[in-house]
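S.K.: Sequence isn't available, so here's the structure alone:
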């Protein structure tokens with residue numbers, strides 16, 4: 001049904017006056033949640049024909065088409081997908097071509113792929129020309145070469161959350177006019193973008209030029225159309241014009257206004273007009289010229305971003321529907337009496353374009369790595385994938401191999417929580433995040449912030465009902481140094497050390513973790529390790545886990561780490577009573593806080609003071625504590641000494657004083673590894689401290705945790721015999 005629009009008759013950017021503009025009002029779908037398979041309050045639009053509506057989808061191939069043809073087909077792909085997807089973009093067809101993998105799953109959703117026109121540009125446009133009102137003309141870039149594959153472009157993908165890599169390619173005038181053409185094609189008209197080199201061919205199909213973007217700007221587009229009536233008020237596309245052959249399908253499909261602002265902090269009049277017109281909840285897809293500034297500004301408007309500036313096919317993938325997502329969760333191992341719990345968590349899962357492409361590639365070192373499955377690994381993922389690309393999330397979950405997914409960063413989309421301008425806006429964002437987490441079967445959210453905002457940032461997510469919060473801040477996300485705080489019953493866990501180039505490798509990480517406590521009741525006995533995906537991979541995690549060994553360490557999924565914290569670490573501080581009992585006569589208390597004694601020195605009866613770094617006295621009846629040969633125990637507990645220590649340490653250590661499961665005062669040669677050669681990992685002499693040097697003679701080693709009380713010397717440090725020595 002058509003309407004007369006006199007305001008468009010004589011606009012200076014029209015190719016020629018027209019008496020009317022066909023606007024198919026019945027096809028305008030800008031409201032949130034306009035289909036039953038969208039979540040309440042979802043900002044992501046859905047095809048009008050409903051879920052899994054496509055029966056035949058025509059493929060077009062990167063390797064057979066040039067840039068200008070891809071631009072036209074991308075806008076056509078998005079336009080058709082408003083009703084039901086009809087087109088899909090393929091890559092090289094090589095083993096790392098993930099677009100072909102996703103296409104192979106279409107039959108599960110009732111769709112087949114037709115390859116008969118994959119290189120026939122004009123044939124594809126002709127097939128769907130009757131659905132079009134016309135086209136928008138833009139300049140053809142000087143180079144319209146064929147891509148060898150989409151993957152060639154993804155090699156230049158910007159790595160979010162690494163601001164030093166955040167650069168942009170300078171757009172040409174032709175690129176800019178094509179970007180404006182995409183913005184016009186994203187209106188509620190049925191338009192495609194066409195370049196000057198293809199115009200005659202398109203006109204031969206009976207299509208008319210309705211706009212000429214060569215003489216227009218983004219601001220000109222907003223003078224004709226407005227956000228909220230002709231453009232979607234819940235989606236915006238922030239896209240560098242030089243990337244005009246990417247994300248155009250979703251911009252056209254969603255009717256989100258496409259724009260660019262290279263100012264970094266998005267403070268231009270255009271950005272203010274676009275962002276100010278959005279209605280919350282709102283999502284921005286693409287990427288800015290400055291990560292920190294852009295994300296901060298978006299947060300101040302109450303919105304967030306999906307890194308998607310190299311994304312393709314979202315207009316098609318978002319139409320599929322998975323009734324239920326379910327992670328596989330093997331029974332967790334029981335918590336041992338003496339163990340340090342470690343969980344490795346891969347970064348950057350909010351990056352939608354990475355998830356679409358090399359994330360699951362079998363030739364990359366990430367989720368598709370053949371090395372995955374040896375130890376449990378945590379992976380971050382955008383909860384919005386449940387609606388943006390549900391078939392991908394479904395495949396990820398069906399191949400977990402004991403791994404576990406976490407939401408973020410920093411929730412349903414990437415943002416900086418403490419940049420929200422009101423607590424209510426942050427709570428609304430947290431509530432939306434929880435809705436999407438429930439849909440995607442996610443229990444923990446990973447937040448990134450510029451500061452240790454602690455409970456201020458985490459409390460809204462705890463209120464929304466998440467099980468745990470992983471809060472990253474500071475250098476390599478380890479600014480909290482493993483600190484655990486609480487928002488009610490929800491632990492807020494900071495990264496302890498990062499597996500990250502120029503910070504730690506597998507060997508140095510294992511060395512740092514080896515000397516941490518192994519008391520499950522202490523928060524210091526739990527380590528969350530961010531793994532920087534752009535510089536480390538699955539192999540690095542496997543290596544670090546192997547160096548730790550299993551005698552005193554459990555490598556678990558993020559969910560198991562959170563469950564153990566909740567079960568074992570006392571955190572109801574308001575109810576904590578001070579410790580009582582006879583220990584006070586032979587021990588010097590460092591501190592008694594939140595039911596925990598820390599850094600308590602106790603006489604072991606043999607002239608040595610033993611340091612008890614941590615003791616949870618809430619486990620004791622009436623908080624009554626005793627001293628058992630230098631170690632704190634509950635009053636009334638059996639105080640028995642384990643068998644005397646033995647093992648290879650005796651040949652290279654001297655001065656050791658044994659006291660009921662503890663060795664103290666040992667002076668051990670730091671150049672010696674007293675393990676058999678089969679378990680030796682050599683380190684340089686410079687790291688060992690020089691020939692004949694001695695380790696700290698005041699160290700106290702608890703050999704009661706060692707099988708058979710067997711102890712060894714690992715370059716000056718006492719460890720259980722049989723553990724790896726790094």
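M.R.: Happy to help now that I have it. Everything numeric here is computed off the predicted structure, so don't read it as measured data.
S.K.: Now do the same for the residue nearest the centre of the chain: helix, strand or coil?
M.R.: Taking CA atoms, centre = their mean as the criterion, residue 349 is the residue nearest the geometric centre of the chain, at 2.5 Å. Three-state assignment for residue 349 (DSSP: H, G, I helix; E, B strand; the rest coil): coil.
S.K.: The stretch 51-200 of the chain: helices as residue ranges?
M.R.: Here the stretch 51-200 of the chain has its helices, by DSSP state H, counting those that start in this stretch, at 67-81, 98-104, 121-128, 150-154, 173-185, 199-203.
S.K.: okay if I get those helices as TSV plus mean pLDDT and distance to residue 519?
M.R.: Any C-beta I mention is one placed from the backbone N, CA and C, and that applies to glycine too. Formatted as TSV, the helices of the stretch 51-200 of the chain follow (pLDDT from 0 to 100; distance: least, CB to CB, whole Å):
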stretch	mean pLDDT	distance to residue 519
helix 67-81	97	55
helix 98-104	93	44
helix 121-128	98	65
helix 150-154	43	46
helix 173-185	91	58
helix 199-203	98	72
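S.K.: Could you save the ones you listed as TSV and add columns showing distance to residue 281 and mean neighbour count?
M.R.: Formatted as TSV, those follow (distance: least, CB to CB, whole Å; neighbours: other CB atoms under 10 Å):
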stretch	distance to residue 281	mean neighbour count
helix 67-81	22	27
helix 98-104	27	20
helix 121-128	32	18
helix 150-154	29	19
helix 173-185	22	26
helix 199-203	37	15
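S.K.: mind putting these in a markdown table, distance to residue 642 included?
M.R.: Output for the helices of the stretch 51-200 of the chain, formatted as a markdown table (distance: least, CB to CB, whole Å):
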| stretch | distance to residue 642 |
| --- | --- |
| helix 67-81 | 68 |
| helix 98-104 | 55 |
| helix 121-128 | 76 |
| helix 150-154 | 57 |
| helix 173-185 | 72 |
| helix 199-203 | 84 |
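S.K.: Out of the ones you listed, which gets nearest to residue 51?
M.R.: helix 67-81 (12.8 Å; CB to CB).
S.K.: I'd assumed residue 233 was in contact with residue 43.
M.R.: No: using CB atoms under 8 Å, residue 43 makes no contact with residue 233, being 9.2 Å away.
S.K.: Neighbour count for these two, which is higher?
M.R.: residue 43 (28 against 21; other CB atoms under 10 Å).
S.K.: who touches that one in this structure?
M.R.: 32, 234-235, 281-283 (CB atoms under 8 Å, 6 or more residues apart in numbering).
S.K.: So which of those residues sit within strands?
M.R.: 235, 283 (DSSP state E).
S.K.: for residue 721, what are its contacts?
M.R.: 647-649, 675, 706, 710-712.
S.K.: if you set the cut-off to 7 Å instead, what comes out?
M.R.: Shown in contact with residue 721 (CB atoms under 7 Å, 6 or more residues apart in numbering): 647-648, 706, 710-712.
S.K.: What of residue 539?
M.R.: Counting by CB under 7 Å, 6+ apart, residue 539 has contacts 365, 371.
S.K.: What degree of burial does the residue nearest to residue 635 when sequence neighbours are not counted show, as a neighbour count?
M.R.: Leaving aside its chain neighbours, residue 635 sits nearest to residue 624 (3.8 Å; criterion: CB to CB, 6 or more residues apart in numbering). Number of residues near residue 624 (other CB under 10 Å) recorded here: 15.
S.K.: Would you agree residue 624 is in contact with residue 577?
M.R.: No: Residue 624 is beyond contact range of residue 577, at 10.6 Å (criterion: CB atoms under 7 Å).
S.K.: can you map out the strands along the stretch 601-726 of the chain?
M.R.: 609-616, 625-628, 631-634, 653-654, 657-659, 662-664, 667-668, 700-702, 711-714, 717-720 (DSSP state E, counting those that start in this stretch).
S.K.: Contact partners for the residue nearest to residue 635?
M.R.: 580-581, 634-635 are the contacts of residue 624 under CB under 7 Å, 6+ apart.
S.K.: please redo it, this time with the cut-off set to 8 Å
M.R.: Contacts of residue 624 by CB under 8 Å, 6+ apart are 579-581, 634-636.
S.K.: what about it, distance to residue 667?
M.R.: 37 Å (CB to CB, to the nearest Å).
S.K.: now swap in residue 204 and tell me
M.R.: For residue 204 relative to residue 667 (CB to CB), the value is 90 Å.
S.K.: okay, the two: which has more neighbours?
M.R.: Neighbour totals were compared for residue 204 and residue 667, and residue 667 leads with 17 against 10 (other CB under 10 Å).
S.K.: How many residues are close by the spatially closest residue to residue 238 that is not a sequence neighbour?
M.R.: Of all residues beyond its chain neighbours, the one nearest residue 238 is residue 286 (3.9 Å), with distances taken as CB to CB, 6+ apart. The number of residues packed near residue 286 is 27, by other CB under 10 Å.
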